[in-house]
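A.B. asks: Give me the fold of what follows.
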Amino acid sequence: MQKHHVALNKNKLEQFDPGFSNWHEELCLILSALDDLPLECDGISCSISLILTKAGIKHRCVVGYVSDLTSGNCVTPHVWIELIDGWIIDYRLRMWFGDEDEIPHGIFHPSSEPTLFYKSTSNDLGELKSDDFLDLATVEKLSHVKVSSDFVLENPNVTHNK
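C.D. replies: Purely as a prediction, here's the structure:
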């Protein structure tokens, strides 16, 4: 896993801002249907992973820790999603770091959050929860969240080759 902090060059922060594309914005809207569920990071990440897998969107469900280099806060273990294009999906960091605007929520690129350090310790959540279990855990919302194939094809950088 890449370390998600910006490199120092001559004591200046070098930041890369890939911009929030329409595709990422639409994916955020699709996944926001799960945001208010009473799930912690593992439950919501497994649910999102299932949706992405069914849609053919390449990603990793990651277990590790997140450190805030400014405050010194650290949450471990933590579970999040990494899209193949480097974007992070994390709907539960605020659960641990506080519900503040400066804490990212949803889909973001790690370069836009230079004070946060995401570190993978494992890609293995054991057996991911079954579709039926996750549908019950999400109060049957999971079965209603759909990603259209047209949407998936809009960003070939994150889709499986079919």
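A.B. asks: Residue 81 in helix, strand or coil?
C.D. replies: strand (DSSP: H, G, I helix; E, B strand; the rest coil).
A.B. asks: What of residue 37?
C.D. replies: coil.
A.B. asks: hang on, it packs against residue 48?
C.D. replies: No - using CB atoms under 8 Å, residue 37 is not in contact with residue 48, being 10.9 Å away. C-beta: built from backbone N, CA, C; applies to glycine.
A.B. asks: Just want to know which of those two has more residues nearby.
C.D. replies: residue 48 (25 against 15; other CB atoms under 10 Å).
A.B. asks: Let me see the contact set for that one.
C.D. replies: Contact analysis of residue 48 by CB atoms under 8 Å, 6 or more residues apart in numbering lists 31, 34, 81, 89, 91.
A.B. asks: tell me, what residue is most central in this structure?
C.D. replies: residue 89 (1.5 Å; CA atoms, centre = their mean).
A.B. asks: ok, what's across the strand from it?
C.D. replies: residue 81, residue 107 (DSSP bridges).
A.B. asks: buried set for the longest helix seen in the chain?
C.D. replies: Longest helix in the chain, counting residues (DSSP state H): helix 41-55. Neighbour counts using 16 or more other CB atoms under 10 Å place 41-52, 55 of helix 41-55 among the buried residues.
A.B. asks: Stretch 29-39 now?
C.D. replies: Residues of stretch 29-39 classed as buried under the neighbour-count rule (16+ other CB under 10 Å) are 30, 31, 34, 39.
A.B. asks: Quick check: phi and psi on the first one?
C.D. replies: Which is residue 30. phi -60, psi -50 (degrees, to the nearest 10).
A.B. asks: That one: what's its closest spatial neighbour, skipping adjacent residues?
C.D. replies: residue 147 (6.0 Å; CB to CB, 6 or more residues apart in numbering).
A.B. asks: Tell me how far the one you found lies from residue 117.
C.D. replies: Distance of residue 147 to residue 117, given as CB to CB, to the nearest Å: 30 Å.
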